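J.: using only what follows, build the 3D model:
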Amino acid sequence: MSFAPSSPITGAAVTGLTSPTYTISADVPPSMNGKQYAVTALGGTQSNVDTNTVSKPFTISFFRPVVLKTLPQINPVTGVIKNIPMNQYKLITRKGAQPAVNQMIMVARITTIIEVPAGSDTYEPEELRALISAHFGTGWAQASGIADTVITGVL
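T.: This next block holds a predicted model:
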């Protein structure tokens, strides 16, 4: 299954939001190698949170490499592959936010970059599944703490 989030997305527990959900609709991605969804409705209690608009975006995008890299040939003498290429995937969430009264809206971003050594997708896919599970599981479990750190600066 490819990247295809179901709507609504259940948000992680974060201080100040009660049972947050995000209804998404397919949007036009900024490039052909991606998929994008716009947040069109909110659920739960999310006071003063806005859905996607032209001037205040709220989008979730996922990108794959334009050209997927494969393993080069093994050196016949050493049996070693000298330079293993990396395939880079990106998950980007964008949310418009106003920094102060009467100020222009700026876009806050979260970018997760996933770098996968070519060939590991075939040779050890379970290792990649564990990598992704642990990363997003930590983000899910620590969402409130991460939000608190981003807001207070206290690690």
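
J.: alpha carbons only for contacts and neighbour counts from here, please
T.: Noted.

J.: helix or strand right after the biggest helix by length in the chain?
T.: When the chain is parsed with DSSP state H, its longest helix is helix 125-141. Following helix 125-141 in sequence order, the next helix or strand is helix 143-152 (DSSP states H and E).

J.: if we can go back for a sec, and the average pLDDT for the longest helix of the chain is what?
T.: For helix 125-141, mean pLDDT rounds to 94.

J.: can you pull up the most central residue in this protein?
T.: L91 (2.8 Å; CA atoms, centre = their mean).

J.: give me the nearest residue to it, chain neighbours excluded.
T.: F62 (4.5 Å; CA to CA, 6 or more residues apart in numbering).

J.: sheet partners, orientation included, of whichever helix or strand that neighbour is part of?
T.: Assessed by DSSP H and E, F62 sits inside strand 58-63. Counting by DSSP bridges, the strands paired with strand 58-63 are strand 34-45 (antiparallel), strand 86-97 (antiparallel).

J.: who touches it?
T.: Identification of contacts with strand 58-63 by CA atoms under 8 Å, 6 or more residues apart in numbering yields 3, 29, 33-39, 51-52, 89-96.
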